[in-house]
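Enquirer: got a predicted structure plus its sequence, pasted below:
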Amino acid sequence: MAYSRKLFFLAVASLAIVQMAMSGDPDILTDFVLPTNLTNVDGNFFTFTGMRVLIGIPPPSTFKVLKASLAEFPALNGQSVSYAVLLYPAGSVNPVHTHPRSAELLFLAEGALEVGFVDTTNKLFTQTLQAGDLFVFPKGLVHFQYNADAKVPALAISAFGSANAGTVSLPNTLFNTSIDDNVLALSFKTDLATIQKLKAGLAPKN
């Protein structure tokens with residue numbers, strides 16, 4: 001299926017997904033919230049064009065996310081919604097992560113995905129999704145998506161019940177920050193050499 005047709009699935013599904021997303025942000029006392037430097041707006045303020053880059057492009061070579069959250073789309077302030085398009089090349093993964101301020105409702109538009117999350121009792125819930133399926137990742141829980149197909153890319157869209165759901169990537173948070181190596185080694189019951197190897201693998205490439 002051409003990527004332009006995949007975008008058709010996004011357009012059809014987006015309204016339903018956003019409506020289904022659970023609201024999590026504080027209520028506002030006005031119809032919408034304007035940035036402090038704006039006093040008068042028109043329809044352009046409520047329009048986000050950042051997804052146009054998806055039209056007609058081939059699948060990317062690495063996992064990629066395009067977001068329409070508060071940072072990219074200021075009109076979302078106070079609206080308790082945001083949106084992301086996720087592009088999975090063959091064999092790629094969206095590493096384990098959490099969204100501290102919202103559940104995630106994922107719609108798979110193309111391909112297949114292995115998905116899962118772990119609850120607070122350490123129980124793992126997994127599913128194999130096919131195009132057209134929806135899956136919800138509960139708020140704040142560790143989760144992942146994996147395209148196990150070695151040849152076929154996948155494309156999904158996700159809706160969030162917050163304009164700023166936040167993303168905490170566990171690999172980067174644990175091994176690409178300044179947490180002391182000894183703390184990590186003791187926490188994971190391993191040695192310093194293993195921790196340092198993990199950190200080296202996640203270090204930014206020059």
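Expert: Thanks, I have it.
Enquirer: C-alpha only now, for contacts and for neighbours.
Expert: Will do.
Enquirer: how far off centre is stretch 140-159?
Expert: 10 Å (C-alpha atoms, centre = their mean, to the nearest Å).
Enquirer: contact partners of stretch 134-151?
Expert: Residues outside stretch 134-151 that contact it (C-alpha atoms under 8 Å, 6 or more residues apart in numbering) are 88-108, 112-120, 153-154.
Enquirer: ends of it, how far apart?
Expert: Length of stretch 134-151, first residue to last, C-alpha to C-alpha, to the nearest Å: 22 Å.
Enquirer: show me which of the contacts of stretch 134-151 are buried.
Expert: With burial judged by 16 or more other C-alpha atoms under 10 Å, the buried subset of those is 88-108, 112-118, 153-154.
Enquirer: what ranges do the strands span in the chain?
Expert: 64-68, 82-88, 93-98, 104-110, 112-118, 124-130, 134-137, 142-146, 154-160, 168-169 (DSSP state E).
Enquirer: in CSV: those, plus distance to residue 55 and mean pLDDT.
Expert: Listed next are the strands of the chain as CSV, based on distance: least, C-alpha to C-alpha, whole Å; pLDDT from 0 to 100:
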stretch, distance to residue 55, mean pLDDT
strand 64-68, 13, 97
strand 82-88, 12, 97
strand 93-98, 22, 97
strand 104-110, 15, 97
strand 112-118, 21, 98
strand 124-130, 22, 98
strand 134-137, 23, 98
strand 142-146, 23, 98
strand 154-160, 13, 97
strand 168-169, 28, 96
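Enquirer: reformat those strands as TSV; add distance to residue 57.
Expert: Formatted as TSV, those follow (distance: least, C-alpha to C-alpha, whole Å):
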stretch	distance to residue 57
strand 64-68	13
strand 82-88	11
strand 93-98	20
strand 104-110	15
strand 112-118	20
strand 124-130	22
strand 134-137	24
strand 142-146	21
strand 154-160	12
strand 168-169	27
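Enquirer: pick out the residue nearest the middle of this protein.
Expert: The residue lying closest to the centre of the chain (C-alpha atoms, centre = their mean) is residue 84, at 6.0 Å.
Enquirer: mind listing what that residue touches?
Expert: So residue 84 contacts 65, 66, 67, 68, 69, 157, 158, 159 (C-alpha under 8 Å, 6+ apart).
Enquirer: now do the end-to-end distance for stretch 123-138.
Expert: With C-alpha to C-alpha as the measure, stretch 123-138 spans 13 Å from end to end.
Enquirer: buried sites along it?
Expert: Neighbour count says stretch 123-138 has 129, 130, 131, 134, 135, 136, 137, 138 buried, by 16+ other C-alpha under 10 Å.
Enquirer: distance of the last one relative to residue 122?
Expert: Meaning residue 138. Counting by C-alpha to C-alpha, the gap from residue 138 to residue 122 is 14 Å.
Enquirer: and residue 41, what does it touch?
Expert: Contacts of residue 41 by C-alpha under 8 Å, 6+ apart: none found.
Enquirer: switch to 10 Å and redo it
Expert: Taking C-alpha atoms under 10 Å, 6 or more residues apart in numbering, we find residue 41 in contact with residue 34.
Enquirer: ok, it to residue 76 distance?
Expert: From residue 41 to residue 76 the distance is 14 Å (C-alpha to C-alpha).
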